[in-house]
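>>> Quick one, fold the following:
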Amino acid sequence: MAGADRIAVDEHLAWRTEANREFFDAAAGDLARLCHAMAERFARGGRLIAAGCTPAARSDVRHVAVEFVHPVIVGKRALPALGLTGEAGELAGRVGVLARPDDMLIAFGVGEDGGEAARAVEAGRRRGCLTLAFCEAGAEWELVPPGDDPDVRQELAETAYHVLWELVHVFFDHRGLLAGRDARPRHDAGASAFLYPFLDERERELEPLLDDVRRSVLAKAAEVADLRTQTLTENRAALESAAAGLRATLDGGGTLLALGNGGSATDAMDAVADFQEQWPAIDLTADPAILTAIANDVGVEAIFSRQVIAYGRPGDVLLALSTSGDSRNVVQALAEARSRGLVTIAMVGYDGGRIAAEALADHVVVTRSEHIPRIQEAQAAAYHVLRRLVGEP
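This is a model prediction of the structure:
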């Protein structure tokens, strides 16, 4: 079985590497121009509305919203973003009520949901929105990832909307290149300079800046390709053993619990979506009433551990996602899970943080980067591959 898994991991990595190159080579120029178009709309007071209603699409919708509203880039502004996932009504109807002329609509959907995404896009266009879709939905901007593997397509879309979020800020720092805004002679990128070295340059024409942004898109795509390779190859044994343990648990009637904070919460949502059609799986980030009750009455550090107490049984599995490996509520949940006899899997970034250093999980997958968007993108490949290794009932 280990030999078959080894071949499977290599094949999954090869597909991703080629699809990543093909997609971003074709899309880099469009992404650069889209960043400029979005910056102009944000500058006029527009909002980003993300829409999708399949289980996987919902995780992307929530991921887009949290990244734009809660930026982790030092000194960058929060940008208004809303997520529509169908719980409050059909997407097109909600877009028709909520959207304003300067807003932007980003639609997710495949297969049966493609029609729903297309209707949402049409509603957005009628309201004057800029429209973008990662599926064929009649949007002005369509960035459709290649191939027919839904996991790979979703990973490419995640990198693309991370890149939009990261690089839309470039144009706020070149005020003269946005319609209706005053130019400044020079911008000091400060703490962000290591990410965007060209921000320190003087104001200039739009096309050269667009080319800089296009090249930055390609650099980020190459970075995640390298990081995905590191994650899947260095952690091959951890992924294989985690898959074997998870499969044994599920075959025995156990349940997968998943958790994370912020963007990692949406990744936990996505991981549960991958499993829940065929295996028991619970997303510990899903219920805002439970999360806010525990946070308010006990403290944020207990929001996951209290749920482990409520739902976890000996032999279940806890999957924890953390970009730092140090999040206290994740560490506390892992400790609670271990004390109750659950199998624990952690996917962490940086050097693994406390979780790796103190071996706080039975299986630890380390993505060696300090760049949060790239960590999350590589972790998405890791839990998608984990799901494939577990197999079908």
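
>>> How about residue 85: what's its closest non-neighbour residue?
The shortest distance from residue 85 to any residue other than its chain neighbours is 4.3 Å, reached at residue 58 (C-beta to C-beta, 6 or more residues apart in numbering). (Each C-beta comes from the backbone N, C-alpha and C, glycine too.)

>>> got the contact list for that neighbour?
Going by C-beta atoms under 8 Å, 6 or more residues apart in numbering, residue 58 touches 52, 85-86, 269, 273.

>>> Neighbouring strands - and their directions - for the strand or helix carrying residue 319?
When secondary structure is defined by DSSP states H and E, residue 319 falls within strand 317-322. Taking DSSP bridges as the criterion, strand 317-322 sits next to strand 256-259 (parallel), strand 343-348 (parallel) in its sheet.

>>> how far does the longest one sit from the chain's center?
Same thing as strand 343-348. Per C-alpha atoms, centre = their mean, to the nearest Å, the displacement of strand 343-348 from the mean C-alpha position of its chain is 18 Å.

>>> mind putting the strands paired with strand 317-322 in TSV, mean pLDDT included?
As requested, the strands paired with strand 317-322 are exported to TSV (pLDDT from 0 to 100):
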stretch	mean pLDDT
strand 256-259	98
strand 343-348	98
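
>>> confidence score at the closest residue in space to residue 167 that isn't next to it in sequence?
What sits nearest to residue 167 in space, not counting adjacent residues and going by C-beta to C-beta, 6+ apart, is residue 35, at 4.7 Å. At residue 35, the model reports a pLDDT of 96.

>>> Residue 213 is in contact with residue 35, correct?
Yes - taking contact to mean C-beta atoms under 8 Å, the distance of 6.0 Å between residue 35 and residue 213 places them in contact.

>>> list residues touching both of the two?
Jointly contacting residue 35 and residue 213 under the rule C-beta under 8 Å, 6+ apart are 167, 170.

>>> rewinding a little: in JSON lines: the strands paired with strand 317-322, plus distance to residue 91 and mean neighbour count.
Written out in JSON lines, the entries for these read as follows (distance: least, C-beta to C-beta, whole Å; neighbours: other C-beta atoms under 10 Å):
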{"stretch": "strand 256-259", "distance to residue 91": "25", "mean neighbour count": "28"}
{"stretch": "strand 343-348", "distance to residue 91": "31", "mean neighbour count": "28"}
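
>>> Which of those sits closest to residue 122?
Comparing those against residue 122 with C-beta to C-beta, the closest turns out to be strand 256-259 (34.4 Å).

>>> Which residues does the closest one contact?
For strand 256-259, the surrounding residues in contact (C-beta under 8 Å, 6+ apart) are 246, 249-250, 265, 268-269, 271-272, 275, 279-285, 304, 307-308, 311-312, 316-321, 330, 333, 337, 342.

>>> repeat that with 7 Å
By C-beta atoms under 7 Å, 6 or more residues apart in numbering, the surrounding residues in contact with strand 256-259 are 246, 268, 271-272, 275, 279-285, 304, 308, 311-312, 316-320, 330, 333.
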